[in-house]
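# Quick one, structure for this:
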Amino acid sequence: MILQLKKTISQADREAVRAKLLLLGFKATEVHTQAGIYWVVVGKKSVDLRQLGHLPGIADIHQVSDDYQLVSRKWKVNRTIVDLGDGITVGEGTLSIMAGPCSIESESQAQQTIDHLKAQGVRIMRGGVFKPRSSPYAFRGLGIEGLRMWHALAKKAGIKIVSEVMQVSQIADMHDYVDIFQVGARNSQNFNLLDELGKVDKAVMIKRGISGTVEELLYSAEYVFAAGNEKIIVCERGIRTYERASRNTMDINAIPLLKEKTHLPVVADPSHGIGIREFVEPIALAAIMAGADGLIFETHQKPEEAYSDGQQTLNFAESEALVQKARKTYALRESF
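Just a heads-up that it's a prediction; the model follows:
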């Protein structure tokens with residue numbers, strides 16, 4: 001159960017509500033976010049809401065059967081739309097496209113990508129400056145200096161930045177230079193990191209774990225919300241299965257399931273989802289038809305020269321074609 005408290009609730013009314021919950025056998029955890037004050041209430045499976053609804057200071061009450069209560073679709077009438085500023089949003093009602101290289105490699109590469117995206121009307125650029133790599137000898141990113149350089153170029157072009165944060169100590173350094181903190185598949189259940197990202201007033205995109213379930217992804221999102229941040233996006237990026245023909249198995253099923261289970265925006269990553277360049281486009285279009293609110297994919301001027309993930313990265317001509325087809329596919333979906 002979720003209690004929404006009025007922002008003007010007095011301390012006396014707050015204590016009266018808490019006392020009533022204890023009397024009924026419930027325990028409440030208070031959550032303050034950018035949008036409001038919530039009490040997540042656990043205990044009995046059901047209660048006569050009339051015993052609580054009349055109490056002063058309560059704005060609304062929601063019965064939620066899911067254990068991941070705050071991100072559940074069951075209590076929120078309107079879906080969450082994450083506002084990045086400057087008229088750029090992620091969520092229902094628009095198709096958000098995020099594209100860019102796996103890794104930011106140089107100033108010229110970043111500028112070329114920005115010019116390409118701007119020409120396509122794409123206003124969110126992805127790129128890694130801290131790269132979790134399977135091999136310790138592979139390129140692991142330009143670090144915070146690379147992020148500052150990239151941010152200066154992107155800001156001048158009016159483009160927002162999404163980049164991966166790998167550990168708690170990086171959050172403060174990255175904060176002023178990113179618009180969306182990305183939690184990668186390997187950190188999807190790094191609960192210390194999720195807790196700390198719940199304390200910042202920046203959007204957070206959580207990718208599904210390498211072998212994670214849909215439910216586990218939603219629990220990860222719950223950690224961020226419960227720590228105080230409602231600006232959350234969840235991302236289906238494929239999971240590891242016994243299939244070896246592709247890098248991962250893109251779980252298209254997860255997209256409508258997530259749309260049913262959560263009010264949060266759902267984005268698809270076809271680049272990691274299949275890991276094979278020539279199949280990124282059809283997987284992306286399938287994800288849109290399945291209900292995705294956006295795409296995040298990799299593009300590079302010369303994928304064969306990319307420092308990382310070149311095999312799944314589109315060149316600029318392929319990226320342009322995908323953007324055009326994605327928008328047409330979204331328009332077709334919305335016409336049904």
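
# What's the biggest helix in the chain, counting residues?
helix 316-335 (DSSP state H).

# Give the residue spans of this protein that score low on pLDDT.
Residues of the chain meeting the criterion pLDDT under 70: 44-46, 133-134, 137-139.

# Mind splitting it into its structural domains?
Per automatic domain parsing, the structural domains of the chain span 2-62, 82-335.

# Tell me which of those domains sits nearest to residue 75.
Relative to residue 75, the nearest member of those by CB to CB is domain 2-62, separated by 3.5 Å. Heads up, the C-betas are built off the backbone N, CA and C, glycines and all.

# Now the helix or strand encompassing residue 156: buried residues?
Taking DSSP states H and E as the definition, one finds residue 156 inside helix 143-157. Buried residues in helix 143-157, defined by neighbour count with 16 or more other CB atoms under 10 Å: 146-147, 149-151, 153-154.

# and if you look at stretch 233-253?
233-239, 246-248, 250-252.

# rewinding a little: got the domains of the chain as CSV, with distance to residue 71 columns?
Output for these, formatted as CSV (distance: least, CB to CB, whole Å):
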stretch, distance to residue 71
domain 2-62, 11
domain 82-335, 5
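
# Identify whichever of those lies nearest to residue 68.
domain 82-335 (4.2 Å).

# The closest one: how far from the chain's middle?
Here the centre of domain 82-335 is set off from its chain's centre by 8 Å, with CA atoms, centre = their mean, to the nearest Å.

# Report the separation between the closest residue to residue 219 other than its chain neighbours and residue 47.
Distance criterion CB to CB, 6 or more residues apart in numbering; nearest residue to residue 219, sequence neighbours excluded, is residue 68 at 5.3 Å. For residue 68, the distance to residue 47 (CB to CB, to the nearest Å) stands at 20 Å.

# Between those two, which is the more surrounded one?
residue 68 (20 against 17; other CB atoms under 10 Å).

# gap between residue 268 and residue 296?
From residue 268 to residue 296 the distance is 7 Å (CB to CB).

# Can you pull the residues that touch both of these two?
residue 235 (CB atoms under 8 Å, 6 or more residues apart in numbering).

# Of those two, which one has the most company?
When neighbours are counted by other CB under 10 Å, residue 268 and residue 296 differ, and residue 268 comes out ahead with 30 against 27.

# Residue 232 bridge partners, please.
For residue 232, the residues forming beta bridges with it (DSSP bridges) are residue 204.

# Can you name the residues that contact it?
71, 80, 82, 203-206, 221, 224-225, 264.

# I'd like those written out as CSV, with distance to residue 183, neighbour count and secondary structure added.
Below are those laid out as CSV (distance: CB to CB, whole Å; neighbours: other CB atoms under 10 Å; DSSP: H, G, I helix; E, B strand; the rest coil):
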residue, distance to residue 183, neighbour count, secondary structure
71, 14, 28, coil
80, 17, 20, coil
82, 14, 21, strand
203, 11, 23, strand
204, 7, 26, strand
205, 7, 27, strand
206, 5, 27, strand
221, 10, 26, helix
224, 8, 28, helix
225, 13, 24, helix
264, 13, 32, coil
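
# Could you identify which of the domains of the chain is most buried?
Sort those by mean neighbour count, taking mean count of other CB atoms under 10 Å, and domain 82-335 sits at the top with a mean of 19.

# Span of that one from start to end?
24 Å (CA to CA, to the nearest Å).

# so how far is residue 29 from residue 123?
Residue 123 sits 37 Å away from residue 29, going by CB to CB.

# got the residue ranges for the strands in the stretch 1-150 of the chain?
For the stretch 1-150 of the chain, the strands defined by DSSP state E, counting those that start in this stretch occupy 2-5, 27-32, 37-42, 58-62, 82-85, 88-90, 96-100, 124-126.

# Who does the fifth one pair with, and is each partner parallel or antiparallel?
Paired neighbours of strand 82-85 in the sheet (DSSP bridges): strand 88-90 (antiparallel).

# With the third one instead?
Here strand 37-42 is paired, per DSSP bridges, with strand 2-5 (antiparallel), strand 27-32 (antiparallel).

# re the thing from before, with distance to residue 312 added, can I get the buried residues of helix 143-157 in JSON lines?
Output for these, formatted as JSON lines (distance: CB to CB, whole Å):
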{"residue": "146", "distance to residue 312": "21"}
{"residue": "147", "distance to residue 312": "23"}
{"residue": "149", "distance to residue 312": "25"}
{"residue": "150", "distance to residue 312": "21"}
{"residue": "151", "distance to residue 312": "25"}
{"residue": "153", "distance to residue 312": "24"}
{"residue": "154", "distance to residue 312": "23"}
